[in-house]
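**Student:** Coordinates for the following, if possible.
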Amino acid sequence: MDHQTQPRSSTKLLDTARAIIEGVRPKQWTKNLIVFFPLFFTISESPVSSDTGLWLSLIGNALLAFLLFSLLTGAVYLINDVFDAE
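**Tutor:** As a prediction, the model looks like this:
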C-alpha cells in the first residue's frame, strides 16, 4: 500500500463527515445566539448580580440552549436536504 494515499474507507469517511458538517450549515447557527440576549439585557438589573454561582448557572443554561437549538436546526436542515433530493 502506498503511504501517500489514504485507504478508500477513510477517504469516504472524511467525505461523509465533510458533507454532514456542510449539511448542518454551521454558518446559520449565529441566529441561535439570540438565546444569550436575556442575559445581556438583565445584567445590570439583577438584584443578585454578585451571585457568581447563579450567573454561571444561567450562562450554562444559555450555552445548553444554544447547543440544542444548533443541533435541532442542523437536523432539520439535513432532513430537508433528504426530502429535496428525492
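**Student:** Grab the most central residue of this protein for me.
**Tutor:** What sits nearest the mean C-alpha location of the chain, by Cα atoms, centre = their mean, is residue 70, with 3.8 Å.
**Student:** where does this protein dip in pLDDT?
**Tutor:** Within the chain, the ranges that satisfy pLDDT under 70 run 1-7, 45-49.
**Student:** The same query, at a cut-off of 90, please.
**Tutor:** Along the chain, the model assigns pLDDT under 90 to residues 1-32, 38-59, 74, 77-78, 80-82, 84-86.
**Student:** Would you map the helices across it?
**Tutor:** Across the chain, reading from the start of the chain, the helices by DSSP state H fall at 8-23, 37-42, 52-85.
**Student:** Which one of those helices lies nearest to residue 31?
**Tutor:** Nearest to residue 31 among the helices of the chain is helix 52-85; the distance by Cβ to Cβ comes to 8.0 Å. (Glycine included, C-beta is placed from N, CA and C.)
**Student:** Please identify the buried residues of that closest one?
**Tutor:** Buried residues in helix 52-85, defined by neighbour count with 16 or more other Cβ atoms under 10 Å: 58, 62, 66, 69-70, 73-74.
**Student:** so can I have CSV of these showing distance to residue 20?
**Tutor:** Putting the buried residues of helix 52-85 into CSV (distance: Cβ to Cβ, whole Å) gives the following:
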residue, distance to residue 20
58, 32
62, 26
66, 20
69, 18
70, 14
73, 14
74, 9
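**Student:** from these, which is closest to residue 52?
**Tutor:** Closest approach between the buried residues of helix 52-85 and residue 52, by Cβ to Cβ: residue 58, at 10.7 Å.
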